[in-house]
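[1] I need the structure of the sequence given here:
(4 chains)
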There are 2 protein chains.
Amino acid sequence: MARKTKGESEQTRARILDAAEIEMLERGVGKASLEQIARRAEVTRGAIYWHFEDKASLLQAMIARTKMPMRDLRRCIGENIPSAAPRELLREMMLHAVQRLAGDAQHRRVCHIVLHRCEINDREVASNRVLEAMFDDTRTALLALCEEITEDFALAPGLSPADASDMIVAFLAGLYECSLRHPATYAVENNAPAKIDALLGGLFPQPAGGAP
Amino acid sequence: MARKTKGESEQTRARILDAAEIEMLERGVGKASLEQIARRAEVTRGAIYWHFEDKASLLQAMIARTKMPMRDLRRCIGENIPSAAPRELLREMMLHAVQRLAGDAQHRRVCHIVLHRCEINDREVASNRVLEAMFDDTRTALLALCEEITEDFALAPGLSPADASDMIVAFLAGLYECSLRHPATYAVENNAPAKIDALLGGLFPQPAGGAP
DNA sequence: TGATACATACATTCGTGTATGTATGTAATA
DNA sequence: TATTACATACATACACGAATGTATGTATCA
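    Okay, the predicted model is just below:
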């Protein structure tokens, strides 16, 4: 009915984004109508069109709320654990990714939407640019780490550093995939450290001289 | 214009399914209109509605064309390589999955559609029942294999057979994910045997007494 | 000659986008 | 301080296209 104060307006915007998360998760991005989103947020479509240009930019804003860095992640972890060798860093990064997926419900929802509730392949669309950037980012960061690790550890026979980082990306992508699609069966947090150690043990066997 | 012979009708049906694969891959299941599919198949929507009830059953038929067994796969491979120990069987199964994804273009398309171009989570919908069944099937088959393997090989510290099979499912899911989304960067067939061996090496280290 | 294998035409629904209305907060002015 | 003026934050109403489903027409095979 009436104009609200700036703070209330921000709350409205947030409620719209919350509602969009739920609706898009349940019905998919394409089938979630702005009308349903508005109803859940207890506003009308007018409010949505006031805060966002269209559904695409609404989705984009939704994704932007839960920003997922990866090159930053390394720096962040490296600063917190300055003594860590690259292999430890890699382990921590993988653990962090898993733990965030297990603990941050909003992040789970948005990842689920971007990965499984968004059928558009158009590069113009926000979710796809985000996905592509995320993959590239992750791959680049992990490749650099794997190359560093090979200064201390031998690689498994027949593997290049790129192969190793590709395997790690695939493993993480698969964890997301399984955990989001079948949370009951594949809880991410289930024994995650042991799983990560097993994978890293296969990729980078202990150096010839050292025993655990 | 005119009625065709039974064989020609089957060809029409196949052309519709082919067209649907391409359109749904490019635009997504939701945005691919029956009109566009019909045009690509060089028929009208009338032909589609003659062969299929609606878009959902068209999708279902599309999926059914490229059936993906997994419990059958084990039997099949087991018959071809009767001497194989369970660990060899597992290796062969993983290789087979990777090679099919690399070699069978139609399988790639359908997997891509089911995994990434279909935003519906409704359990009534074909693609989701298929996906769920595929995951369950794969998990069951791999779990049984992993349990057999532990009779000959020790598991990595802290892992149960279920953890091991979960990791394998995640790894395979991630391979599909990466290879389908970014075929240029992550070609599945790139050094696949070495990657699989590295993973299995991490999960099932050699038995204490044996040297390679 | 009847069932088949489509093509054509039509009705209906659904969602989007936009144009417009309206009541309130807020700043300038007097 | 009260008033004016304008921007804000929505709600309401309407126009439009796109896609679906169905009803009907039609030519051919068997």
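
[2] now the strand or helix carrying residue A:197: how far from the chain's centre is it?
    Following DSSP states H and E, one finds residue A:197 within helix A:192-203. Centroid separation for helix A:192-203 versus its chain: 20 Å, with Cα atoms, centre = their mean, to the nearest Å.

[3] do stretch A:140-153 as well
    The answer for stretch A:140-153 is 22 Å, by Cα atoms, centre = their mean.

[4] And chain B, is that stretch touching that?
    No - residues of stretch A:140-153 are not located near chain B by Cβ under 8 Å from any Cβ of the partner chain, the shortest gap being 10.8 Å. From N, CA and C alone the C-beta is placed, and that goes for glycine too.

[5] That stretch: which residues count as buried?
    A:141-143, A:145-146, A:148-150, A:153 (16 or more other Cβ atoms under 10 Å in any protein chain shown).

[6] How about the residues of chain A by DNA strand D?
    Proximity of chain A to DNA strand D (Cβ under 7 Å from any atom of the strand) is limited to residues A:1-4, A:6, A:8-9, A:12-13, A:38, A:43-47, A:49-51.

[7] Just give the number of residues close to residue A:197.
    Using other Cβ atoms under 10 Å in any protein chain shown, residue A:197 is surrounded by 17 other residues.

[8] now residue A:202
    24.

[9] And residue A:139, by the same measure?
    With other Cβ under 10 Å as criterion, residue A:139 counts 20.

[10] Output whichever strand or helix holds it as PDB, nothing but the C-alphas.
    Per DSSP H and E: residue A:139 is located in helix A:126-149. Only the C-alpha atoms of helix A:126-149 are listed here, as PDB (Å, rounded to 0.1, in the frame of the first residue of the first chain):
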ATOM      1  CA  ALA A 126      23.900 -15.800 -14.700                       C
ATOM      2  CA  SER A 127      23.800 -19.200 -13.300                       C
ATOM      3  CA  ASN A 128      25.900 -20.600 -16.100                       C
ATOM      4  CA  ARG A 129      28.500 -17.900 -16.000                       C
ATOM      5  CA  VAL A 130      28.800 -18.500 -12.300                       C
ATOM      6  CA  LEU A 131      29.100 -22.300 -12.800                       C
ATOM      7  CA  GLU A 132      31.700 -21.900 -15.500                       C
ATOM      8  CA  ALA A 133      33.700 -19.400 -13.400                       C
ATOM      9  CA  MET A 134      33.500 -21.700 -10.400                       C
ATOM     10  CA  PHE A 135      34.800 -24.700 -12.300                       C
ATOM     11  CA  ASP A 136      37.600 -22.700 -13.900                       C
ATOM     12  CA  ASP A 137      38.500 -21.100 -10.600                       C
ATOM     13  CA  THR A 138      38.500 -24.400  -8.700                       C
ATOM     14  CA  ARG A 139      40.500 -26.100 -11.400                       C
ATOM     15  CA  THR A 140      43.200 -23.400 -11.600                       C
ATOM     16  CA  ALA A 141      43.600 -23.300  -7.800                       C
ATOM     17  CA  LEU A 142      43.800 -27.000  -7.400                       C
ATOM     18  CA  LEU A 143      46.200 -27.500 -10.300                       C
ATOM     19  CA  ALA A 144      48.600 -25.000  -8.800                       C
ATOM     20  CA  LEU A 145      48.400 -26.800  -5.500                       C
ATOM     21  CA  CYS A 146      48.900 -30.200  -7.100                       C
ATOM     22  CA  GLU A 147      52.000 -29.000  -8.900                       C
ATOM     23  CA  GLU A 148      53.400 -27.700  -5.600                       C
ATOM     24  CA  ILE A 149      52.600 -31.000  -3.900                       C
END
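
[11] right, is it up against DNA strand C?
    No - Helix A:126-149 lies out of reach of DNA strand C by Cβ under 7 Å from any atom of the strand, never closer than 13.9 Å.

[12] what's the answer for stretch A:50-60, then?
    Yes - using Cβ under 7 Å from any atom of the strand, stretch A:50-60 comes into contact with DNA strand C via A:54-55.

[13] what packs against the helix holding residue A:197?
    Here helix A:192-203 touches helix A:86-103, helix A:161-181, helix B:161-181, helix B:192-203, going by 3 or more Cβ pairs under 8 Å, 6 or more residues apart in numbering or on different chains; DSSP states H and E.

[14] relative to helix B:161-181, how tilted is it?
    70 degrees (axes from the mean of the first three to the mean of the last three Cα atoms, to 10 degrees).

[15] Give the buried residues for helix A:192-203.
    A:192, A:194-203.

[16] again, but for stretch A:167-187
    A:167-182, A:185-186.

[17] how near is the closest residue to chain B within chain A to residue B:195?
    Proximity of chain A to chain B (Cβ to the nearest Cβ) peaks at residue A:202, 2.1 Å away. Residue A:202 sits 10 Å away from residue B:195 when distances are taken as Cβ to Cβ, to the nearest Å.

[18] next one: residue A:147
    From residue A:147 to residue B:195 the distance is 17 Å (Cβ to Cβ).

[19] likewise residue A:39?
    Residue A:39 is 49 Å from residue B:195, by Cβ to Cβ.

[20] hmm, back to that, reformat the helices and strands packed on helix A:192-203 as TSV; add distance to residue B:18.
    Below are the helices and strands packed on helix A:192-203 laid out as TSV (distance: least, Cβ to Cβ, whole Å):
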stretch	distance to residue B:18
helix A:86-103	38
helix A:161-181	28
helix B:161-181	19
helix B:192-203	28
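
[21] Those into JSON lines, with extra columns for distance to residue B:94 and mean pLDDT?
    Output for those, formatted as JSON lines (distance: least, Cβ to Cβ, whole Å; pLDDT from 0 to 100):
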{"stretch": "helix A:86-103", "distance to residue B:94": "21", "mean pLDDT": "93"}
{"stretch": "helix A:161-181", "distance to residue B:94": "12", "mean pLDDT": "96"}
{"stretch": "helix B:161-181", "distance to residue B:94": "7", "mean pLDDT": "96"}
{"stretch": "helix B:192-203", "distance to residue B:94": "5", "mean pLDDT": "97"}
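
[22] Thanks a lot, catch you later.
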